[in-house]
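**Student:** I'd like to go over a predicted model; first the sequence, then the structure.
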Amino acid sequence: DAKTTQPPSMDCAEGRAANLPCNHSTISGNEYVYWYRQIHSQGPQYIIHGLKNNETNEMASLIITEDRKSSTLILPHATLRDTAVYYCIVRVDIAAGNKLTFGGGTRVLVKP
Amino acid sequence: DAGITQSPRYKITETGRQVTLMCHQTWSHSYMFWYRQDLGHGLRLIYYSAAADITDKGEVPDGYVVSRSKTENFPLTLESATRSQTSVYFCASKQPNTGELFFGEGSRLTVL
């Protein structure tokens, strides 16, 4: 699975959009981009995933560059409850079971 | 209620003791995983299982044993606990169609 690079931390104002970058320059054509978050002391929570098209759900939007070497998770209106560590992961195959490796993530602090 | 549950949520033990952490899921997902998370770090995969009676090592398997006699259960055993195994342990199962991981609430283990 391709390695990802994320900034270690970032702050965001409540009510504003939070844009979380992720670099995955070695991504392969069949690797998906997944985002999870972990709110303090809880188990990680799935947010969104995509292959090459932009994706949106009730939690967030995922923008993947055309060359797929980077992506951005967008929380459109950050709330204090969005304070968490956000993990960007790339992996090969949805159906193939195997491992999902979590790196250090980005610690996001939403401030009032 | 459907979901994934871990027990015990908190455990204090002594060096050399055997400890078993339980994980139970109600979805009949084939794939299950055990991760550990040390203070200030990301998650590291210990073991995973593709189905009943099929298990495989992750990044940090030393000192741990797993079994999967039934699809719904995936216990993790520390045969002789060491202080370095003080950590928070997360169990997860994988939704086969989307690849989404569902995590338990974690088991906080302290080895004195």
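**Tutor:** Received the coordinates, thanks.

**Student:** Please count neighbours and contacts with C-alpha atoms only from this point.
**Tutor:** Fine.

**Student:** Excluding chain neighbours, what is closest to A:Met59?
**Tutor:** Closest residue in space to A:Met59, ignoring its immediate chain neighbours: A:Ile47 at 6.6 Å, by C-alpha to C-alpha, 6 or more residues apart in numbering or on different chains.

**Student:** Show me what the host helix or strand of the one you found is packed up against.
**Tutor:** Following DSSP states H and E, the helix or strand that holds A:Ile47 is strand A:45-50. Helices and strands touching strand A:45-50, as assessed by 3 or more C-alpha pairs under 8 Å, 6 or more residues apart in numbering or on different chains; DSSP states H and E, comprise strand A:32-38, strand A:55-56, strand A:61-64, strand B:101-103.

**Student:** can you tell me if the third one touches chain B.
**Tutor:** I take that to be strand A:61-64. No. Contact between strand A:61-64 and chain B is absent, the nearest approach being 15.5 Å (criterion: C-alpha under 8 Å from any C-alpha of the partner chain).

**Student:** Also the first one?
**Tutor:** No. In terms of C-alpha under 8 Å from any C-alpha, no part of strand A:32-38 sits within range of chain B; the closest distance is 8.6 Å.

**Student:** Mind listing residues that contact that strand?
**Tutor:** Identification of contacts with strand A:32-38 by C-alpha atoms under 8 Å, 6 or more residues apart in numbering or on different chains yields A:44-52, A:73, A:84-94.

**Student:** Show me how to select, in ChimeraX, the buried members of those.
**Tutor:** Selection command for ChimeraX covering only the buried members of these, criterion 16 or more other C-alpha atoms under 10 Å in any protein chain shown:
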select /A:44,45,46,47,48,49,50,51,52,73,84,85,86,87,88,89,90,91,92,94
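
**Student:** Roughly how far does the residue nearest the centre of chain A sit from B:Phe33?
**Tutor:** Note on chain A: the residue nearest the mean C-alpha position is A:Trp35, at 3.3 Å, using C-alpha atoms, centre = their mean. Taking C-alpha to C-alpha, to the nearest Å as the criterion, A:Trp35 is separated from B:Phe33 by 18 Å.

**Student:** Kindly report the same for A:Asn57.
**Tutor:** Counting by C-alpha to C-alpha, the separation of A:Asn57 from B:Phe33 is 26 Å.

**Student:** Please apply the same query to B:Pro61.
**Tutor:** Distance of B:Pro61 to B:Phe33, given as C-alpha to C-alpha: 12 Å.

**Student:** next one: A:Glu31
**Tutor:** With distances taken as C-alpha to C-alpha, A:Glu31 is found 20 Å from B:Phe33.

**Student:** between these two, which one's more packed in?
**Tutor:** Neighbours were tallied for A:Glu31 and for B:Phe33 using other C-alpha atoms under 10 Å in any protein chain shown; the higher tally belongs to B:Phe33 (28 against 20).
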